[in-house]
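> pasted the sequence and its predicted model underneath.
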Amino acid sequence: MLQVFRLSTVMAFFALAPALGNAQGASVAFGGLKQDTSLPVEVSSDQLNVNQADGTAVFTGNVLVGQGEMRLAAERVKVEYTADGGGISKLFASGGVTLTNATDAAESREAVYTIDSGNVVMTGDVLLTQSGSALSGQKLVIDLKAGTGVMEGRVQTVFQPGSAKN
């Protein structure tokens, strides 16, 4: 039986092919994870430990972070506050990190989200799924403001063929 690939899948493959061939890195559209980083950040967890001395808070157990439509889930999230204590500077997530929004999802061992810049750096066995296709590597740097990302470290991908319509 002959399978026909969707044109967008084939075009995406050829766009990624040079990066996949040299395993240096692959740029990916991350439109589903485009995010307004000025929105409030909501956090829920099983436990919270606050350290006034170093200006951090550590959420543990079933941590869920929400900002707009974006969701980040992990076992542990350390929150680093701004120098004046008036806002959040960075989130350090570890333990089965999952970042989702709209149609895109990314999984990794760890992630660091720098709020002001809108950058998320996911490291350790990263898996990105978009519309039935998967891309994996060791590091994914996401620019939430632009909706783009770069996968690095022995990048591999699997594209799902579309079905022919008769």
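Structure received.
> for stretch 125-138, which positions count as buried?
V126, L127, L128, T129, Q130, S133, L135, S136, G137, Q138 (16 or more other Cβ atoms under 10 Å). Every C-beta, even on glycine, is put in place using the N, C-alpha and C of the backbone.
> distance check, the third one against V63.
It stands for L128. Taking Cβ to Cβ, to the nearest Å as the measure, L128 falls 21 Å from V63.
> where does this structure have low pLDDT?
Low-confidence segments of the chain (pLDDT under 70): 1-34, 158-166.
> next structured bit after the longest strand along it?
For the chain, the strand that runs over the most residues, judged by DSSP state E, is strand 88-101. Taking DSSP states H and E as the definition, the helix or strand that follows strand 88-101 towards the C-terminus is strand 104-114.
> what's that next one packed up against?
strand 70-81, strand 88-101, strand 119-130, strand 133-143 (3 or more Cβ pairs under 8 Å, 6 or more residues apart in numbering; DSSP states H and E).
> how about these in TSV, adding distance to Q156?
Putting these into TSV (distance: least, Cβ to Cβ, whole Å) gives the following:
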stretch	distance to Q156
strand 70-81	24
strand 88-101	19
strand 119-130	10
strand 133-143	5
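> for stretch 71-88, which positions count as buried?
Using 16+ other Cβ under 10 Å as the test for burial, stretch 71-88 gives L72, A73, A74, E75, R76, V77, K78, V79, E80, I88.
> for those residues, which one is nearest G147?
Nearest to G147 among the buried residues of stretch 71-88, counting by Cβ to Cβ, is L72 at 16.4 Å.
> would you mind measuring from the nearest residue to G68 once chain neighbours are set aside to M70?
For G68, ignoring the flanking residues on the chain, the nearest one in space by Cβ to Cβ, 6 or more residues apart in numbering is L39 at 4.5 Å. Counting by Cβ to Cβ, the separation of L39 from M70 is 9 Å.
> likewise for N62?
Where M70 is concerned, N62 sits at a distance of 18 Å (Cβ to Cβ).
> thank you kindly, that will do.
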